[in-house]
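Trainee: Here is my input, please return the structure:
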Amino acid sequence: MKILRFRWRGKDWWGRLSEDRVLGLPGVTDFGDLPPEGLPLTEVRLLPPTVPTKIVAVGLNYRDHAQELGLDIPQEPLIFLKPPSALIGPEDRILLPPGVGRVDYEAELAVVIGKRARRISPEEAREHILGYTCFNDVTARDLQKKDGQWTRAKSFDTFAPLGPWIETELDPSCLRVRAYLNGEVVQNSSTDQLIFPVPQLVSFISQVMTLHPGDVIATGTPPGVGPLSPGDVIEIEVEGVGRLVNFVEFG
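Mentor: Okay, the predicted model is just below:
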């Protein structure tokens with residue numbers, strides 16, 4: 001099932017995608033307010049498909065990316081936080097902040113938590129996952145290097161594009177992850193390159209902090225990250241999910 005959030009007639013809704021139509025989500029949507037046949041996807045505005053309490057991201061989690069950078073493989077996941085205030089949805093604008101130098105795209109598979117998770121094992125992880133979506137870990141690269149830690153570089157408003165929906169029926173172990181910059185493929189790898197696979201990440205993070213329904217784990221980016229410029233169109237594609245499209249402008 002593809003679960004989404006959308007805006008229609010000034011109100012925010014939960015729904016599910018069936019081919020090119022948006023239907024109500026059983027147990028969540030008030031079906032009395034929506035046409036029984038659903039709505040054309042083109043008639044609604046898609047929102048970020050979850051409302052997280054936190055976004056937990058993972059650094060240097062692709063073997064081919066570590067090789068590209070000439071860095072050693074981490075001994076355990078390198079995690080950091082991005083604030084929910086950075087979240088934007090499909091076709092929203094990524095705003096390049098005034099006075100900031102290079103800003104990069106980073107294509108990632110994102111995990112969306114469906115059930116509270118605290119100190120769980122990797123074997124228990126699947127029952128706590130709602131599904132998967134596309135994520136762009138937008139990063140002010142100059143500030144990341146300048147500060148020596150990542151909070152400011154990763155946390156600007158609009159630096160967490162997410163969507164377009166959550167796919168609940170997906171095996172995350174071998175999925176193609178790509179980024180397209182103005183239609184050209186600039187990142188192209190597979191989650192079989194993950195140093196720490198999804199169950200291990202969910203378990204590891206749950207030892208540190210309680211994961212709540214709707215929380216997002218961004219699993220790391222493959223080789224090929226690069227800069228964004230005003231006027232660019234950046235698309236993140238995860239096999240089995242779809243594409244997350246965003247536009248870039250000064251902000």
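Trainee: Quick check: nearest residue in space to residue 144, chain neighbours excluded?
Mentor: residue 153 (3.7 Å; CB to CB, 6 or more residues apart in numbering). C-beta here means a position set from N, CA and C on the backbone, and glycine is covered the same way.
Trainee: I figured the one you found was touching residue 137, is that so?
Mentor: No - at 10.3 Å, residue 153 and residue 137 do not qualify as touching, with contact defined as CB atoms under 8 Å.
Trainee: State the mean pLDDT of the longest helix belonging to the chain.
Mentor: Scanning the chain for the longest helix, with DSSP state H as the assignment, gives helix 198-208. For helix 198-208, mean pLDDT is 98.
Trainee: how about it as PDB, C-alpha atoms only?
Mentor: Written as PDB, here are the backbone C-alpha positions of helix 198-208 (Å, rounded to 0.1, in the frame of the first residue of the first chain):
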ATOM      1  CA  VAL A 198      17.800  -1.300   7.900                       C
ATOM      2  CA  PRO A 199      17.000  -3.700  10.800                       C
ATOM      3  CA  GLN A 200      20.400  -3.000  12.400                       C
ATOM      4  CA  LEU A 201      19.900   0.700  12.100                       C
ATOM      5  CA  VAL A 202      16.400   0.700  13.600                       C
ATOM      6  CA  SER A 203      17.700  -1.500  16.500                       C
ATOM      7  CA  PHE A 204      20.900   0.600  17.100                       C
ATOM      8  CA  ILE A 205      18.900   3.900  17.100                       C
ATOM      9  CA  SER A 206      16.300   2.500  19.400                       C
ATOM     10  CA  GLN A 207      19.000   1.800  22.000                       C
ATOM     11  CA  VAL A 208      19.700   5.500  22.100                       C
END
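Trainee: Give me the residues contacting that helix.
Mentor: 56, 58, 61, 76-77, 79, 109, 111, 113, 117-126, 128-129, 172-173, 191, 196, 211, 217, 219 (CB atoms under 8 Å, 6 or more residues apart in numbering).
Trainee: What subset of these is buried?
Mentor: 56, 58, 61, 77, 79, 109, 111, 113, 117, 120, 122, 125, 128-129, 172, 191, 196, 211, 217, 219 (16 or more other CB atoms under 10 Å).
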